[in-house]
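Student: When you get a sec, could you give me coordinates for this:
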Amino acid sequence: MDKIFIKELIARGIIGVNQWERAVPQEIVISITMFVDTRPASQSDDVGDTINYSDISKRALQLAETQKRLTVESLANDIAKMCLEDQRVSKVIVRVEKPGAVRFTKSVGVEIERTQSDYRDN
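Tutor: Numbers count the residues shown, from 1 in each chain. Next comes the predicted model:
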């Protein structure tokens, strides 16, 4: 299966359980890999036949900057669900990181993998 990816999209939002994390937006780094059949777009050369990564990036930024989640797990799930709203995406891997959130680390976060079946009947 082909992959469309967005690597290290940087958002600023409220995320975390500590009071200081809830007071000021912080950097959130998002990477998304969507499993999609890109053959229709490769043959037509039409962006309408594929996933528009610019649109996905904008929507992921909007979620990260407005949801005010407590956990990176919850934000990652929000983004995965949004990506899978398009039935052409069979699977998605979402990585959400908080740079500098834990002392002596470059970044901490979570990476989740979801498929269409994970959100059926939800």
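Student: Could you use CA atoms for every contact and neighbour count after this?
Tutor: Fine.
Student: Spatially central residue in the protein, please.
Tutor: Ile79 (4.2 Å; Cα atoms, centre = their mean).
Student: ok but it is inside a strand, no?
Tutor: No - assigned with DSSP: H, G, I helix; E, B strand; the rest coil, Ile79 falls outside any strand and is helix.
Student: Which pLDDT does the model give the residue lying closest to it once chain neighbours are set aside?
Tutor: Closest residue to Ile79 apart from its sequence neighbours, by Cα to Cα, 6 or more residues apart in numbering: Ala60 at 6.0 Å. Note on Ala60: pLDDT of 98.
Student: Which residues outside the lowest-mean-pLDDT helix or strand in the chain are in contact with it?
Tutor: Lowest mean confidence among the helices and strands of the chain (mean pLDDT, DSSP states H and E): helix 19-23, at a mean of 90. Contacts with helix 19-23, where a contact means Cα atoms under 8 Å, 6 or more residues apart in numbering, come from Ile14, Ile15, Gly16, Lys68.
Student: Go through that helix and flag the buried ones.
Tutor: Arg22 (16 or more other Cα atoms under 10 Å).
Student: ditto for stretch 70-81
Tutor: By neighbour count on 16+ other Cα under 10 Å, the buried set for stretch 70-81 is Val72, Glu73, Leu75, Ala76, Asn77, Asp78, Ile79, Ala80, Lys81.
Student: how about the fifth one, what does it touch?
Tutor: For Asn77, the contacting residues are Val94, Ile112, by Cα under 8 Å, 6+ apart.
Student: Roughly how far does it sit from Asp49?
Tutor: 25 Å (Cα to Cα, to the nearest Å).
Student: With the fourth one instead?
Tutor: Distance check for Ala76 against Asp49: by Cα to Cα, it reads 26 Å.
Student: okay, now Gln26: neighbour count?
Tutor: Using other Cα atoms under 10 Å, Gln26 has 19 neighbouring residues.
Student: Output the contacting helices and strands for the helix or strand encompassing Glu97.
Tutor: According to DSSP states H and E, Glu97 maps onto strand 91-99. When contacts are defined as 3 or more Cα pairs under 8 Å, 6 or more residues apart in numbering; DSSP states H and E, strand 91-99 sits against strand 26-36, helix 72-83, strand 107-115.
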